[in-house]
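**Q** Provided below for reference: sequence and predicted model.
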Amino acid sequence: MSTSRTIRKVVFPAAGLGTRILPATTVVPKELLPILDKPIIQYGVEEALASGLNEIILVTSPGKTMLEDHFDRHPELEEILERRGKSALLDGLREVSRQMELSTVFQDEPLGLGHAVLASRELVDDEPFAVILSDDVIDADPPALRQMLAVFDDVAGPVLLVERVPRDAVHRYGIIDGASLGSDVYRVNDLVEKPSPENAPSDLAIIGRYLLTPDIYPALEETGKDAGDEIQLTDGLRRLLQTRPIHAVVLDGIRQDAGNKLGYLRAILYFARKHPDLADHLPELLRSLE
Ligand code: G1P
């Protein structure tokens, strides 16, 4: 069986239209909207790199080439920074693009998360891989993916990251029915995409991080579209569950959902409170709005 040492690839589904944050996302991909001085997706990429995974696969659409451009080298900008002696900025800029290997594949139609993962099949090939939904920005030490890799090493199979959510929020997530194995690890008995509070099997929600094995691809191929005409990753995992165990681990850390306006604002404030140059100014800034 594969171990985490063989997980090198991370798929970032990023073909969505970002309709929840229009009109900001008419031209700029939502993944490039900044949380302070860093685009949303870069938090996820840095989490992957800090967890030892450096092959980044962007699943995107032809209109979102800015995403690749962001992670490219920028010789003219680098030269200007160099001339001006801005070495800290320069190092920060170079470090991420130097460490990562980026490849891109297009999702030709927006047919859901499962469909986006299917689009990565040729690039991932026959090895286990991670999926990061960059809207879920996670602050954790060790990084969230690394927490999951520790479990993957034990169970040698798919691992989902989960968090307890209020009952009135279960309809926004994939929810697992799990049996606790102790120390925040669950064996998944069932999972359901966006249930109503009455039908939710628990309050444990999947939060945008998956470690998957390549047998998810045939499972997704066999998964039909849901009522909204989308192929759900949760439904593909449900099918996979018929042939192998799936586990979940509860996040030890803080997650922000930057995919909607209020969550995005919260993410900015959260990271501002942790920022050495901004933290001290924040209470007064908020008071001054009164
Ligand atoms: C997706 C998944 C859902 C998961 C969520 C985490 O939903 O389909 O299972 O719980 O991400 O953020 P989306 O937020 O794309 O509607």
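**A** Here it is on my side, so go on. Please read these numbers as outputs of a predicted model, since none were measured by experiment.
**Q** which helix or strand contains residue 103?
**A** strand 101-106 (DSSP states H and E).
**Q** how far does that strand sit from the chain's center?
**A** Shown here is strand 101-106, whose average C-alpha point lies 16 Å from the average C-alpha point of the whole chain (CA atoms, centre = their mean, to the nearest Å).
**Q** show me what it is packed up against.
**A** Strand 101-106 makes packing contacts with strand 55-60, helix 66-71, helix 121-124 when contacts are defined by 3 or more CB pairs under 8 Å, 6 or more residues apart in numbering; DSSP states H and E. To be clear about C-beta, it is placed using only N, CA and C from the backbone, and glycine gets the same treatment.
**Q** what is the last one packed up against?
**A** In other words, helix 121-124. Packing partners of helix 121-124 (3+ CB pairs under 8 Å, 6+ apart): strand 9-13, strand 101-106.
**Q** state the mean pLDDT of the first one.
**A** Per-residue pLDDT over strand 9-13 has a mean of 98.
**Q** rewinding a little: may I see the helices and strands packed on helix 121-124 organised as CSV, with distance to the ligand and mean neighbour count added?
**A** CSV is the format used below for the helices and strands packed on helix 121-124 (distance: least, CB to the nearest ligand atom, whole Å; neighbours: other CB atoms under 10 Å):
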stretch, distance to the ligand, mean neighbour count
strand 9-13, 8, 25
strand 101-106, 19, 15
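**Q** quick check: which of those is nearest to residue 147?
**A** Proximity to residue 147 (CB to CB) singles out strand 9-13 among the helices and strands packed on helix 121-124, at 14.8 Å.
**Q** partners of whatever helix or strand comes next after that closest one in the sheet?
**A** Sequence order places strand 34-35 as the next helix or strand after strand 9-13, per DSSP H and E. Sheet pairing of strand 34-35 (DSSP bridges) gives strand 38-39 (antiparallel).
**Q** so how far is the strand it pairs with off the chain centroid?
**A** On the basis of CA atoms, centre = their mean, the separation between the geometric centre of strand 38-39 and that of its chain is 14 Å.
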